[in-house]
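Trainee: would you be able to build a 3D model of this:
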Amino acid sequence: MRNLFFRSASPSPSNSPSRGSTIPPSSPRHSFSDSLMEENIEIAQTLITKWDSDDDSSYTVLTSLFRDDRSEARLYLKCVRDLQSAMHHFVNSQDTSAEKLITAQTLMQAAMKRLQKEFYLILSDNRENLDAETVSSRASTARSSVSDLESESEEESTLLDGEPIATVAMEDLKSIADCMISAGYGKECVKIYKIIRKSIIDEALYHRGVEKLSLSQVQKMDWNVLETKIKNWLNAVKVAVKTHFYGERLLCDYVFSSSHSIRESCFTEISKEAATTLFSFPELVAKCKKSPEKMFRTLDLYQAISDHWPEIESIFSFESTSAIRSLGVNSLIKLGEAVRTMLEDFEAAVQKDPSKIAVPAGGVHPLTRYVMNYITFLTDYTEILLDIFADFPLTLQTPLPEAYFDCNDVDESSPISVRIAWLVLVLLCKLDGKAKLYKDVALSYLFLANNLQYVVAKVLNSNLKYLLGDYWIGKHESKVKQYAGNYERMGWSKVYASLPENPTAEISSDQAKKFFQQFKAAFEEVYKKQSSWVVTDPKLRDELKVSVARKLVPVYQKFYEMHRVGLRRECGVDSLVRYAPENLDNYLSDLLYGASGGGSISLSSSTSSSKSHGH
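Mentor: Purely as a prediction, here's the structure:
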């Protein structure tokens, strides 16, 4: 350019024609543009030849243009662009020698070969620096091209510190890709990119336990083995979506930003196999044999896909990756079907529970514990269940029993609230049947009170209270009190009836003896029977004993104080007046702890104490 624009105005004397002579005009066909393009070819030839390698064995060069001399790397890319401009110029020129085009084409091929090697070196040398997590954080701040890099000492020291290595590598890759795509050699760099980056994402998922499985393999797995694989998948999918696939998509979009079609084909080929392996697994699990114990892992799989669906849809937004999106959708559909089937099977299992043995002591039935724990865990997936059952309202062959469930029970607009209430009702109906296994009616009511109290407590102490509501809770708390009242009425009525209606009324000594004898016999019968009975809820246990004590002790105390003095000197009275009023509370406190007992007073010690007090 300096030669073209700043030549001396006067030729040297030796070569200068005389003033009178005329300078022959230059050929009109050799224009200024021709000269400029020829110079571009000459400059490019110097630099391209310098970095040309005769070694045809792929990518074994020991030196890297972009690593060793960044300023010359920028110049190299400029020379290639200028060379391309020159080729376009001479192709369109009317008078162009074939020799110039051949030279330019030969140089372009050499340059592309060199850039192809540089592209490979950058990718292979930066496998760790260009990991998905780093790419994700760097992509937003990466500069548009390597030509933007400055060569000041400050930046050089930063590069040496290694801080922006990923950014620089991304910029170099983008610059080379832009250059090769523009020159029509995109296919060459794309091939290298696909091979290296695909291996990276395949290895990443393999190390996280993601493996390709067939339906038959999954179906033959023991549940413990399959559950372990599900756990591995749940851990892998979060990282895979948010880091690996996301980072690869960002890197691909950045490096090949100049071509949408190349971006799409690159990312699709890199990710499709790994993504297919990853997202086909949940559907395989959904197609396995259904059983209630698999419910929560199935819900975990559904939730994982559902939670990451926005990212999945965004990352795999290309038309060529629609199959991946379809896999995700199909997995959600199949998992949802599996959950609905398992919940139906769970309900059927509760209804068909074959146990015909009464629970000892009237305690909480194992079925009650199992069902309520199961339902409580289900509430952790309320939002997912709402999605799964949104278009599948509860349909019943017969209307819900009004005694347990009516239109005011729960929010009927919530399909999950209705289903949970129905499952609880199925359990309670089953418990009503199991209560009939007890020969003692009082014990059957105690059994119902114990189990319903357990149900209510589970509801109050979990998210079930939000699904079932205050009305449901209040109604079933009243039902517990009703069962408790029936237990007391059936279990203690004989003891209450053993005492006179008016404990302070004047009666004969023989009549007093008869009442003491009746009370002793009735109380000991009930005490012996109920000493093995249990109430598992401490609050309910105390309420029951307090209620019995309030009805029994004051009446007995008045009768005792009224007639004990008159019978003091009669022989054999101690065997009839066996219990002092002060000790009845001790006897009552010893009840309802089960066979192991919970109080501190035994029957024999209490009796001795009563005798001593009486004398």
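
Trainee: check which element follows the one helix or strand residue 481 maps to along the chain.
Mentor: Counting by DSSP states H and E, the element that carries residue 481 is helix 464-497. On the C-terminal side of helix 464-497, the closest following helix or strand by DSSP H and E is helix 509-530.

Trainee: that next one to helix 464-497, inter-axis angle?
Mentor: 150 degrees (axes from the mean of the first three to the mean of the last three Cα atoms, to 10 degrees).

Trainee: and helix 509-530, what's buried?
Mentor: 512-513, 515-516, 518-520, 522-524, 526-527, 530 (16 or more other Cβ atoms under 10 Å). Quick note: C-beta positions are derived from backbone N, CA and C, even for glycine.

Trainee: toward the C-terminus, what is the element adjacent to that helix?
Mentor: For helix 509-530, the following helix or strand on the C-terminal side (DSSP H and E) is helix 538-563.

Trainee: rounded mean pLDDT for the helix holding residue 481, please.
Mentor: Average pLDDT, helix 464-497: 94.

Trainee: helices or strands up against that helix?
Mentor: Under the contact criterion of 3 or more Cβ pairs under 8 Å, 6 or more residues apart in numbering; DSSP states H and E, helix 464-497 touches helix 415-435, helix 441-460, helix 509-530, helix 538-563.

Trainee: highest average neighbour count across these?
Mentor: helix 441-460 (a mean of 23; mean count of other Cβ atoms under 10 Å).

Trainee: contacts for stretch 247-261 next, please.
Mentor: The list of residues contacting stretch 247-261 from outside it, by Cβ atoms under 8 Å, 6 or more residues apart in numbering, reads 130-136, 139, 142, 170, 173-174, 177-178, 181-182, 186, 190, 193, 197, 201, 262-263, 266-267, 270-271, 315.

Trainee: just the ones of the residues you listed in strands?
Mentor: Counting by DSSP state E, those place none of their members in strands.

Trainee: any regions of this structure where pLDDT drops low?
Mentor: For the chain, applying pLDDT under 70 flags the ranges 1-36, 40, 44, 53-62, 89, 91-97, 136-164, 396-413, 565-576, 595-615.

Trainee: how many residues are close by the residue lying closest to residue 449 once chain neighbours are set aside?
Mentor: Of all residues not flanking residue 449 in the chain, residue 483 sits nearest, at 3.8 Å (Cβ to Cβ, 6 or more residues apart in numbering). For residue 483, the number of neighbouring residues by other Cβ atoms under 10 Å comes to 22.

Trainee: quick check, residue 483 in contact with residue 452.
Mentor: Yes: using Cβ atoms under 8 Å, residue 483 is in contact with residue 452, at 6.3 Å.

Trainee: where exactly do the strands run in the stretch 251-400 of the chain?
Mentor: Using DSSP state E, counting those that start in this stretch, the stretch 251-400 of the chain contains no strands.

Trainee: in it, which spans are helices?
Mentor: Here the stretch 251-400 of the chain has its helices, by DSSP state H, counting those that start in this stretch, at 260-286, 295-315, 322-351, 366-378, 382-388.

Trainee: please parse this structure into its domains.
Mentor: What automatic domain parsing lists as the domains of the chain is 32-147+165-189, 353-489, 498-614.

Trainee: now the ones you listed in a markdown table, with distance to residue 238?
Mentor: Output for the domains of the chain, formatted as a markdown table (distance: least, Cβ to Cβ, whole Å):
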| stretch | distance to residue 238 |
| --- | --- |
| domain 32-147+165-189 | 13 |
| domain 353-489 | 16 |
| domain 498-614 | 41 |
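
Trainee: indicate which one of those domains is closest to residue 334.
Mentor: Proximity to residue 334 (Cβ to Cβ) singles out domain 353-489 among the domains of the chain, at 11.4 Å.

Trainee: gap between residue 393 and residue 131?
Mentor: Noted for residue 393: a distance of 48 Å to residue 131, by Cβ to Cβ, to the nearest Å.

Trainee: what's the nearest residue to residue 484 if we skip its chain neighbours?
Mentor: Residue 484 sits nearest to residue 449 (Cβ to Cβ, 6+ apart), 4.7 Å away.

Trainee: now residue 431
Mentor: Among residues not flanking residue 431 along the chain, residue 451 sits closest, at 5.1 Å (Cβ to Cβ, 6+ apart).

Trainee: do I have it right that the one you found meets residue 365?
Mentor: Yes: counting by Cβ under 8 Å, residue 451 does reach residue 365; the two are 5.8 Å apart.

Trainee: on that earlier part again, which one of the buried residues of helix 509-530 is nearest to residue 555?
Mentor: Nearest member of these to residue 555, counting by Cβ to Cβ, is residue 519, at 9.8 Å.

Trainee: which residue sits closest to the closest one, ignoring its sequence neighbours?
Mentor: Residue 519's closest residue in space is residue 498 (Cβ to Cβ, 6+ apart), at 4.3 Å.

Trainee: what about that neighbour, neighbour count?
Mentor: Other residues close to residue 498 by other Cβ under 10 Å number 20.

Trainee: quick one, what contacts residue 511?
Mentor: For residue 511, the contact set (Cβ under 8 Å, 6+ apart) is empty.

Trainee: so the residue nearest the centre of the chain versus residue 395, what's the distance?
Mentor: Most central in the chain under Cα atoms, centre = their mean is residue 304, positioned 4.4 Å from the mean C-alpha point. To residue 395, residue 304 is 30 Å away according to Cβ to Cβ.

Trainee: show me what contacts residue 45?
Mentor: 103, 107.

Trainee: which helix or which strand is home to it?
Mentor: helix 32-50.

Trainee: centre of the chain to the helix or strand following that helix, how far?
Mentor: The helix or strand immediately downstream of helix 32-50 is helix 65-68, counting by DSSP H and E. Here the centre of helix 65-68 is set off from its chain's centre by 45 Å, with Cα atoms, centre = their mean, to the nearest Å.

Trainee: out of the domains of the chain, nearest to residue 233?
Mentor: Here domain 353-489 is closest among those (Cβ to Cβ), at 16.8 Å.

Trainee: end-to-end on the closest one?
Mentor: End-to-end span of domain 353-489 (Cα to Cα, to the nearest Å): 30 Å.

Trainee: also stretch 282-292?
Mentor: End-to-end distance for stretch 282-292: 17 Å, by Cα to Cα.

Trainee: what lies in contact with that stretch?
Mentor: Looking at what lies outside stretch 282-292 - Cβ under 8 Å, 6+ apart - the contacts are 213-215, 218-219, 226, 230, 233, 294, 297-298, 301-302, 304-305, 327, 330-331, 334-335, 337-338, 341-342, 345-346, 349, 374.

Trainee: is it possible to mark the buried ones in those?
Mentor: Buried among the contacts of stretch 282-292 (16+ other Cβ under 10 Å): 213, 218, 226, 230, 233, 294, 297-298, 301-302, 304-305, 327, 331, 334-335, 338, 342, 346, 374.

Trainee: next, format the helices and strands packed on helix 464-497 as a markdown table and append distance to residue 73.
Mentor: Below are these laid out as a markdown table (distance: least, Cβ to Cβ, whole Å):
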| stretch | distance to residue 73 |
| --- | --- |
| helix 415-435 | 62 |
| helix 441-460 | 69 |
| helix 509-530 | 93 |
| helix 538-563 | 79 |
